[in-house]
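**Student:** I'll drop the sequence and a predicted model, then ask my questions.
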Amino acid sequence: MDDQNKNLILATALSFLVILVWFVLFPPPEPEVPLDAPTPEQTAGSGGEAIPVAPTEAASAPLSTEPRTTAVPLENAPRIAIETPRLTGSVSLIGGRIDDLKLKDYRTTLEEGAPIVTMLSPQGNNDAYYALQGWAPGAGIDPAAVPGPDTEWTLKNGETLSVDSPITLSWDNGAGQIFERTIAVDQNYMFSLTQSVANNGNAPISVAPYGMIVQHTTPDDLENFFILHEGAVAMADEELAETDWDEVSEAELNPKWGRQAIVKEDVASGWIGFTDHFWQAILIPLAGQTFDQALTYDARTDIYRAVTRMPTQTVAAGASVSITTQLFAGAKEWAMLREYESQGVPKFIDSIDWGWFFFLTKPIFWLLHELNKLIGNMGWAIIGLTLIIKAILFPLAYKSYVSMAKMKELQPQMEKLKEQAGDDRQKMQQGMMELYKKEKVNPAAGCLPILLQIPIFFSLYKVIFVTIELRHAAFFGPFQDLSAPDPTSLLNFFGLLPFQGPEAGSIMALIFIGILPLLLGISMWLQQKLNPAPTDPTQQMIFAWMPWVFMFMLGSFASGLVVYWIANNTITFTQQYLIMRSQGYTPDVFGNIKSGFSRKSKSDTE
């Protein structure tokens, strides 16, 4: 077997092995679970939200876990409506919680009439998920004298929370202090929350403001896919931390916080919250505010919390103090996160899970996003991206194909060296190396384009899978969600027969593939036919099966990725054909196809 064939087999086997391992370790995601509003639990009572103690008291007074009681059950709490171009929901006057929020721009499925996505849901629902703020009592302050998670607030100003129409809540503790909370929202998903306290008493008080995002139980709709981070995400002084749900629940007991906790103290800038595939809720202290970050878990109630706790504020008699924080609750849209980052939210774009190949995924997505803006169709944008990537790699591909052509020219000399060396492999290798050096041929050059395609393939897969811009992004006809597998199927002849194909992600869908995987297999097969089949039977078998194995392997991947692979194969075929002709060799594609069928017919008759 000559070195050219060895290199081809090595490159083929390597790429096949990597993608096979990827497919086995990271199977395709389950079909998207509708994010309808949760069903109310058959339980009553408070969720036991804790009131953080002021930082100066943390060492001696652990976090309280006793619930407060209110005269109004939380599910019957008075509410103030939220209505913006992109949000609908309400604020509960019990605790001043932002706990009812839906995203108008996103539907749970592509079906007509599908409900809009629920972002936050109140306590008492399955997977209750909400945000609240409050004040931690300092030394000598009765916890009942500060507003907590179950305090019933009074609406002071405003009627409906909307863009340019904030609301103000008020609470008088009856001991000389009046607490207020002003909530504003922008045109997207960012809330601004200003907490203030006016001390009308005769003595100073010490209080520490805090923010909290609360998740009751581990979410039911997790993807549980290795490529995707779901759980807590935090930025602390430009250091990103992604923490899985089980890492939070398995954290060590922290005496200062009174429960299992992962704590980062004295953070100068950053944010913290919870994220899933496409949505996130993030607490963002304003720049210049030092704070503590904490992820806590209460095993007794199965409740997760992301907390920001500010330094203690001493409010003199007759004085007042206020502090502003932000809450992001919505979709992880790339352009919007970049805009917030430019407005002072540090590295907010990194709340998207870019993965290990972030140095590739970020520029790839930027280019894909700009192409989509220009073209107006994500499928064509993917094809345009493929053209640009192939153009960037063209010099390397050209050298590779030229090197392969020269290797063909050296075949007679290589055969002569083999005859002269006989069984002396060392002599043969030395002769080959001298020949390569003399003719300035790199036998490994043919492998480089294939090897470079592997990280690009993984990076593009990451981009297509994790970014919301690909969710429900249409191409044409039946391809209305490029982040989902091909919806067509051989079973109903690609939709021409009057019945549904198999459910996405099922074994039947894997077997009865759609039209895109079929085109993928054909494009790989045609690319092979640029060269005559190898004479070695083992190599013939590998090359014959490889396109169809890849066809089934990639058939259940996101259709956007399959579109990329088809475009890549088509462009590669064209490039290689033109380069081979420029080197004086005209590929006999139809002849190679015909000879392949002839060999099959001959083997069948033997």
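**Tutor:** Thanks, I have the structure now.
**Student:** Which helix or strand in this protein has the lowest average pLDDT?
**Tutor:** helix 3-25 (a mean of 47; mean pLDDT, DSSP states H and E).
**Student:** Tell me the bridge partners for residue 194.
**Tutor:** Counting by DSSP bridges, residue 194 is bridged to residue 182, residue 324.
**Student:** Was I right to think it contacts residue 182?
**Tutor:** Yes. Counting by CB atoms under 8 Å, residue 194 does reach residue 182; the two are 4.4 Å apart. In this view, the C-beta of every residue, glycine as well, is placed from N, C-alpha and C.
**Student:** which residues are common contacts for those two?
**Tutor:** Between them, residue 194 and residue 182 share no contacting residue under CB atoms under 8 Å, 6 or more residues apart in numbering.
**Student:** ok, which stretches of this structure are helices?
**Tutor:** 3-25, 245-249, 334-342, 358-375, 378-409, 411-421, 425-439, 448-466, 507-511, 515-528, 537-553, 559-582, 589-605 (DSSP state H).
**Student:** In a markdown table, list those along with distance to residue 327 and mean neighbour count.
**Tutor:** Supplementary listing: the helices of the chain in a markdown table, determined by distance: least, CB to CB, whole Å; neighbours: other CB atoms under 10 Å:
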| stretch | distance to residue 327 | mean neighbour count |
| --- | --- | --- |
| helix 3-25 | 36 | 15 |
| helix 245-249 | 20 | 16 |
| helix 334-342 | 12 | 16 |
| helix 358-375 | 26 | 17 |
| helix 378-409 | 30 | 18 |
| helix 411-421 | 68 | 13 |
| helix 425-439 | 63 | 13 |
| helix 448-466 | 23 | 20 |
| helix 507-511 | 40 | 15 |
| helix 515-528 | 41 | 20 |
| helix 537-553 | 43 | 16 |
| helix 559-582 | 32 | 20 |
| helix 589-605 | 60 | 11 |
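**Student:** JSON lines for these, including distance to residue 279?
**Tutor:** Shown next, in JSON lines, are the helices of the chain (distance: least, CB to CB, whole Å):
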{"stretch": "helix 3-25", "distance to residue 279": "26"}
{"stretch": "helix 245-249", "distance to residue 279": "15"}
{"stretch": "helix 334-342", "distance to residue 279": "12"}
{"stretch": "helix 358-375", "distance to residue 279": "18"}
{"stretch": "helix 378-409", "distance to residue 279": "20"}
{"stretch": "helix 411-421", "distance to residue 279": "59"}
{"stretch": "helix 425-439", "distance to residue 279": "55"}
{"stretch": "helix 448-466", "distance to residue 279": "12"}
{"stretch": "helix 507-511", "distance to residue 279": "27"}
{"stretch": "helix 515-528", "distance to residue 279": "28"}
{"stretch": "helix 537-553", "distance to residue 279": "30"}
{"stretch": "helix 559-582", "distance to residue 279": "20"}
{"stretch": "helix 589-605", "distance to residue 279": "49"}
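**Student:** Stretch 235-245 spans what distance, first to last residue?
**Tutor:** From its first residue to its last, stretch 235-245 covers 17 Å (CA to CA, to the nearest Å).
**Student:** got the contact list for it?
**Tutor:** Contacts of stretch 235-245 (CB under 8 Å, 6+ apart): 218-219, 222, 229-234, 262, 264, 267-272, 293, 295, 304, 346-348, 350-351, 353.
**Student:** of those residues, buried ones?
**Tutor:** By neighbour count, with 16 or more other CB atoms under 10 Å, the contacts of stretch 235-245 hold 219, 229-234, 262, 264, 267, 269-272, 293, 295, 304, 346, 348, 350-351, 353 as buried.
**Student:** what's the spacing between the closest residue to residue 313 other than its chain neighbours and residue 198?
**Tutor:** Spatially, and ignoring its direct neighbours in sequence, residue 313 is nearest to residue 321 (4.9 Å; CB to CB, 6 or more residues apart in numbering). According to CB to CB, to the nearest Å, residue 321 stands 9 Å off from residue 198.
**Student:** before we move on, what about residue 306?
**Tutor:** 29 Å.
**Student:** Next: residue 410.
**Tutor:** 88 Å.
**Student:** got it, and residue 192?
**Tutor:** 20 Å.
**Student:** Residue 185 against residue 164, yeah?
**Tutor:** No. Contact criterion CB under 8 Å: residue 185 and residue 164 do not qualify, at 9.2 Å.
**Student:** For the two, indicate the residue with more neighbours.
**Tutor:** Taking neighbours as other CB atoms under 10 Å, residue 185 and residue 164 compare with residue 185 leading, 25 against 9.
**Student:** List the residues that contact the closest residue in space to that one that isn't next to it in sequence.
**Tutor:** Spatial nearest neighbour of residue 185, chain neighbours left out: residue 191 (5.1 Å); criterion: CB to CB, 6+ apart. Residues in contact with residue 191 (CB under 8 Å, 6+ apart) are 98, 183-185, 326-329.
**Student:** how close does residue 191 get to residue 283?
**Tutor:** For residue 191, the distance to residue 283 - CB to CB - is 10 Å.
**Student:** between the two, what contacts are shared?
**Tutor:** 326-327.
**Student:** Please parse this structure into its domains.
**Tutor:** 55-344, 368-605 (automatic domain parsing).
**Student:** In TSV: those, plus mean pLDDT.
**Tutor:** Formatted as TSV, these follow (pLDDT from 0 to 100):
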stretch	mean pLDDT
domain 55-344	90
domain 368-605	79
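**Student:** now these in a markdown table, with distance to residue 360?
**Tutor:** Listed next are the domains of the chain as a markdown table, based on distance: least, CB to CB, whole Å:
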| stretch | distance to residue 360 |
| --- | --- |
| domain 55-344 | 14 |
| domain 368-605 | 4 |
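**Student:** excluding its backbone neighbours, what's nearest the residue most central in space within the chain?
**Tutor:** By CA atoms, centre = their mean, the chain has its centre lying nearest to residue 466, at 2.9 Å. Spatially, and ignoring its direct neighbours in sequence, residue 466 is nearest to residue 353 (5.3 Å; CB to CB, 6+ apart).
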